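> Can you look at this prediction? I've put the sequence above it.
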Amino acid sequence: MTANQPTDPQPAPPAEGSIRDQLRNLTRRQQRFERYLGRQLRVDPAGLAVMDHLVSEGPATPSELARALSTSTAAMTLVIDRLADGGHASRQPHPGDRRKVLVTPAEHWEEAAFEHVEPLVVGIGEITDSMTAQEQATVVAFLERAVAAYDRATKV
């Protein structure tokens, strides 16, 4: 091919900056939502992380929570104390080891939290439902790679 011959049209390069910008926007919105949720439920960020873990993984010992959330057991004890004092969680005797306790979310916690989270869950569900299977597969693949990049960055 010579310099004067037309070439096949090339696809435009991906708008990498746009993806980066939208990820930054999403991260900021997520952080804003977490602050909003914390204010609504009267729980600090560390407490929200503990409650999220308890709701998704079930009751846990303070040591298990400290390991899962990469904090010291002393710091975790303070977080659990605040959650218990606020009526968000309680300590229950461990069924298999009387020297241990299990931290359990209060009965009302999931319902109270879901009241504030539901609009987000519904909105994301509507977005997902509006996508083709191929679009969903592309987004899932991207998000899996993004999660892996975070894991590599934090050496998880």
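Sure thing, it's come through. These numbers come from a predicted model, not from an experiment.
> mind checking the longest helix of this structure?
helix 16-41 (DSSP state H).
> And for residue 37, the neighbour number?
Counted with other CB atoms under 10 Å, residues neighbouring residue 37 total 18. The way it works is simple: take the backbone N, C-alpha and C, and place the C-beta from them, glycine included.
> Equivalent analysis for residue 46, please.
Neighbour count for residue 46, taken as other CB under 10 Å: 18.
> who's in contact with the host helix or strand of it?
Assigned by DSSP states H and E, residue 46 belongs to helix 45-57. Contacts to helix 45-57, defined as CB atoms under 8 Å, 6 or more residues apart in numbering, come from residues 34-35, 37-38, 41, 43, 60, 65, 68-69, 71, 75-76, 79-80, 82-83, 86, 88-89, 103-105, 109-110, 113.
> for stretch 105-119, same thing?
With contact meaning CB under 8 Å, 6+ apart, stretch 105-119 is reached by 36-37, 40-41, 51, 54-55, 59, 87-90, 121.
> Give me the helices and strands touching the helix or strand bottoming out on mean pLDDT in the chain, please.
Ranked by mean pLDDT, DSSP states H and E, the weakest helix or strand in the chain is helix 16-41, scoring a mean of 91. For helix 16-41, the packing partners by 3 or more CB pairs under 8 Å, 6 or more residues apart in numbering; DSSP states H and E come out as helix 45-57, helix 109-129.
> Mind checking those for the one nearest to residue 154?
Of all the helices and strands packed on helix 16-41, it is helix 45-57 that lies closest to residue 154, at 14.9 Å by CB to CB.
> Quick one: mean pLDDT over stretch 50-57.
In this model, stretch 50-57 has an average pLDDT of 94.
> try stretch 137-153
So the average pLDDT for stretch 137-153 ends up being 95.
> thinking again about what came up before, how far out from the middle of the chain is the helix holding residue 46?
Here the centre of helix 45-57 is set off from its chain's centre by 10 Å, with CA atoms, centre = their mean, to the nearest Å.
> repeat for stretch 90-100
Stretch 90-100 sits 28 Å away from the centroid of its parent chain (CA atoms, centre = their mean).
> what's the first-to-last distance across it?
Start-to-end span of stretch 90-100 (CA to CA, to the nearest Å) is 13 Å.
> So which bits of it are buried?
90-91 (16 or more other CB atoms under 10 Å).
> Quick one: mean pLDDT over that stretch.
91.
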